[in-house]
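Asker: how would this look folded up:
(2 chains)
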Amino acid sequence: AQSVTQLDSQVPVFEEAPVELRCNYSSSVSVYLFWYVQYPNQGLQLLLKYLSGSTLVKGINGFEAEFKKSETSFHLTKPSAHMSDAAEYFCAVSTNTGNQFYFGTGTSLTVIP
Amino acid sequence: KAGVTQTPRYLIKTRGQQVTLSCSPISGHRSVSWYQQTPGQGLQFLFEYFSETQRNKGNFPGRFSGRQFSNSRSEMNVSTLELGDSALYLCASSPLAGAIYEQYFGPGTRLTVT
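Answerer: Numbering: from 1, shown residues only, chains lettered A, B, ... in the order given. Take a look at the predicted model:
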């Protein structure tokens, strides 16, 4: 079975400071990896995804993530935080042999002016 | 294209009652999945429907059920509501079934059980 761990439930950063949200997964087979963002009172929106190929994936709003198979990680980063980045972020994993997505418990990003 | 719509957006029910939630996927999408979101638990997968057939089911009791219609719209039903069923229920659609396809989420239905 697959699982996802988001190590930090809350991450505060100052405006214009770099952001890193951590995600680790466990799986015995090849994985697909996703990051979603959820703004208050809204559904989830896809930020970026890794299916295959380049391990450095660029997404919307200046976010990117790097797939590190040896570390079973897929951390989300952004060079400079904006106030509008404050939201809940979810990491998710799926596999080509499974039929469902497994989500982490989420990381709440707070941006301090 | 219109996004995924869910109705109602908010619902208050009493323990023991039952509830039906509705989801209309993006036009052309044939796969619909349902998730329960609670603080601290994140998103828990309920079930997935494709072409009116349930393809996969999460670890929820039989009180949770669903169905999909020929137009891909989906409903989920929770019978004999418990306080612990209070949550945000999210519906997501994708063009086809399979874990490689991005899921497009609706805004959710917030269910409160008193």
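Asker: can you map out the helices along chain B?
Answerer: Shown for chain B, no helices are assigned by DSSP state H.
Asker: Strands of that one, start to end?
Answerer: Using DSSP state E, the strands found in chain B span residues B:5-7, B:10-13, B:19-24, B:31-38, B:42-50, B:53-57, B:64-68, B:74-78, B:87-94, B:104-105, B:109-113.
Asker: Include mean pLDDT and distance to A:S80 when you put the ones you listed into TSV, please.
Answerer: (C-beta placed from N, C-alpha, C; glycine too.) Output for these, formatted as TSV (pLDDT from 0 to 100; distance: least, CB to CB, whole Å):
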stretch	mean pLDDT	distance to A:S80
strand B:5-7	97	34
strand B:10-13	97	36
strand B:19-24	98	37
strand B:31-38	94	29
strand B:42-50	91	27
strand B:53-57	90	40
strand B:64-68	97	43
strand B:74-78	98	40
strand B:87-94	95	30
strand B:104-105	92	27
strand B:109-113	97	33
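Asker: Output those strands in CSV; the columns should cover distance to A:H75.
Answerer: Compiled in CSV, the strands of chain B are given as follows (distance: least, CB to CB, whole Å):
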stretch, distance to A:H75
strand B:5-7, 31
strand B:10-13, 35
strand B:19-24, 32
strand B:31-38, 23
strand B:42-50, 17
strand B:53-57, 28
strand B:64-68, 33
strand B:74-78, 34
strand B:87-94, 24
strand B:104-105, 22
strand B:109-113, 31
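Asker: Now those strands in TSV, please, with extra columns for mean neighbour count and distance to chain A.
Answerer: Shown next, in TSV, are those (neighbours: other CB atoms under 10 Å in any protein chain shown; distance: least, CB to the nearest CB, whole Å):
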stretch	mean neighbour count	distance to chain A
strand B:5-7	16	8
strand B:10-13	13	10
strand B:19-24	19	11
strand B:31-38	24	7
strand B:42-50	22	4
strand B:53-57	14	4
strand B:64-68	19	14
strand B:74-78	20	15
strand B:87-94	24	6
strand B:104-105	21	3
strand B:109-113	18	9
